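A.B. asks: Next come a sequence and a model predicted from it.
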Amino acid sequence: MGDKTMTADEVVARLESGMTLGIGGWGSRRKPMALVRAVLRSGIGDLTVVSYGGPDVGMLAAAGRIRKLVAAFVTLDSVPLEPHYRAARERGAFELVEVDEGMFMWGLTAAANRLPFLPVRAGIGSDVMRVNPGLRTVTSPYEDGETFVAMPALRLDAALVHVSRADRLGNGQYLGPDPYFDDLFCEAADAAYVSCERIVDTAELTKAAPPQSLLVKRHVVTGVVEAPNGAHFTSCVPDYERDEDFQRAYAAAAWPGFAERFLGGDEQAYRSAVRAWQEEQR
């Protein structure tokens, strides 16, 4: 339970090709983009990615790092369908397991509770069962006899999430309007890595926010990375909103040119490239 602070590159050094990697956040909101960029700088690939997808999935897909994707959607929110994900999917770059949002949540919940599956009504009577022929159903053993989808556990080798504040022990706090299931990602993983806008003393976490905002508990966290603006270009409310101008540029860009300009160096180089781009737009 000691000091768990790490750098993004130290986190990635613990990851391996072929892993099942869960990525927290939702669409283009509070994604651990600094950690995703660190993955992109590495040679790690052949990943099974589990995500309520946004630009994390789009970038990893465009870079050819995904072997299999488990998702309920992949969106930039203001851009309904993530374009780099769409291009990779259209060329058959990876296997896709597409499930209902509620099924996805129950898959994480099952994994967090070390259960093989959980019964869920979502998916019954829909094409979810047709496009996922491996899914099974179970019948209630009680008087109702109802049939449910048996949503399998989404067990993760590692999880990456981003929060507003954290302490060195691994307690993570969100200050925005939604937890985005980041706690479930961490609990469903063998190793969980939390990036944050700022590392603070433990006592500071509850000085201006209620205990309920302590979303991620230290006992499930392996490492903590201080990464100011680490969710850019997605939002991390109340610290900052989504960078819509940059997101539109990302969505319209050819991937090789975007990657060369913005992802060719470390995180400091990324910030410098973004600032230079912003100056050009003025």
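C.D. replies: Yep, that arrived. Residues are numbered from 1 along each chain as shown.

A.B. asks: Run a quick neighbour tally on the nearest residue to residue 235 once chain neighbours are set aside.
C.D. replies: For residue 235, ignoring the flanking residues on the chain, the nearest one in space by CB to CB, 6 or more residues apart in numbering is residue 242 at 4.1 Å. In this view, the C-beta of every residue, glycine as well, is placed from N, C-alpha and C. Neighbourhood size, residue 242 [other CB atoms under 10 Å]: 23.

A.B. asks: next one: residue 105
C.D. replies: Neighbours of residue 105 (other CB under 10 Å): 20.

A.B. asks: State the distance from the nearest residue to it once chain neighbours are set aside to residue 66.
C.D. replies: Nearest non-adjacent residue to residue 105, counting by CB to CB, 6+ apart: residue 181, 6.1 Å away. Going from residue 181 to residue 66 by CB to CB, to the nearest Å gives 20 Å.

A.B. asks: Hmm, the residue nearest to residue 235 is touching residue 27, no?
C.D. replies: No. Using CB atoms under 8 Å, residue 242 is not in contact with residue 27; the gap is 9.5 Å.

A.B. asks: what's the overlap in contacts for these two?
C.D. replies: Counting by CB atoms under 8 Å, 6 or more residues apart in numbering, the shared contacts of residue 242 and residue 27 are 77, 234.

A.B. asks: hey, where'd the helices end up in this structure?
C.D. replies: Assigned by DSSP state H, the chain shows helices spanning 8-13, 33-41, 55-62, 83-90, 101-112, 128-131, 182-187, 244-252, 255-262, 267-281.

A.B. asks: Save the ones you listed as JSON lines, and put in distance to residue 48 and mean pLDDT too.
C.D. replies: Listed next are these as JSON lines, based on distance: least, CB to CB, whole Å; pLDDT from 0 to 100:
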{"stretch": "helix 8-13", "distance to residue 48": "17", "mean pLDDT": "97"}
{"stretch": "helix 33-41", "distance to residue 48": "13", "mean pLDDT": "98"}
{"stretch": "helix 55-62", "distance to residue 48": "11", "mean pLDDT": "98"}
{"stretch": "helix 83-90", "distance to residue 48": "15", "mean pLDDT": "98"}
{"stretch": "helix 101-112", "distance to residue 48": "13", "mean pLDDT": "97"}
{"stretch": "helix 128-131", "distance to residue 48": "17", "mean pLDDT": "93"}
{"stretch": "helix 182-187", "distance to residue 48": "14", "mean pLDDT": "98"}
{"stretch": "helix 244-252", "distance to residue 48": "24", "mean pLDDT": "98"}
{"stretch": "helix 255-262", "distance to residue 48": "21", "mean pLDDT": "97"}
{"stretch": "helix 267-281", "distance to residue 48": "25", "mean pLDDT": "96"}
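
A.B. asks: Could you say which one of these comes nearest to residue 233?
C.D. replies: helix 244-252 (4.5 Å; CB to CB).

A.B. asks: What about the residue nearest to residue 105, how many residues nearby?
C.D. replies: Residues near residue 181, counting by other CB under 10 Å: 23.

A.B. asks: JSON lines for the helices of the chain, including distance to residue 140?
C.D. replies: Output for the helices of the chain, formatted as JSON lines (distance: least, CB to CB, whole Å):
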{"stretch": "helix 8-13", "distance to residue 140": "42"}
{"stretch": "helix 33-41", "distance to residue 140": "40"}
{"stretch": "helix 55-62", "distance to residue 140": "35"}
{"stretch": "helix 83-90", "distance to residue 140": "36"}
{"stretch": "helix 101-112", "distance to residue 140": "16"}
{"stretch": "helix 128-131", "distance to residue 140": "18"}
{"stretch": "helix 182-187", "distance to residue 140": "24"}
{"stretch": "helix 244-252", "distance to residue 140": "45"}
{"stretch": "helix 255-262", "distance to residue 140": "48"}
{"stretch": "helix 267-281", "distance to residue 140": "50"}
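
A.B. asks: Nearest to residue 141, out of these?
C.D. replies: The nearest among the helices of the chain, by CB to CB, is helix 101-112 at 18.0 Å.

A.B. asks: Count residues in the vicinity of residue 125, would you?
C.D. replies: Residues near residue 125, counting by other CB under 10 Å: 8.

A.B. asks: Next, the distance between the ends of stretch 207-216.
C.D. replies: 17 Å (CA to CA, to the nearest Å).

A.B. asks: actually stretch 159-174, not the one I typed
C.D. replies: Span of stretch 159-174 from end to end, CA to CA: 17 Å.
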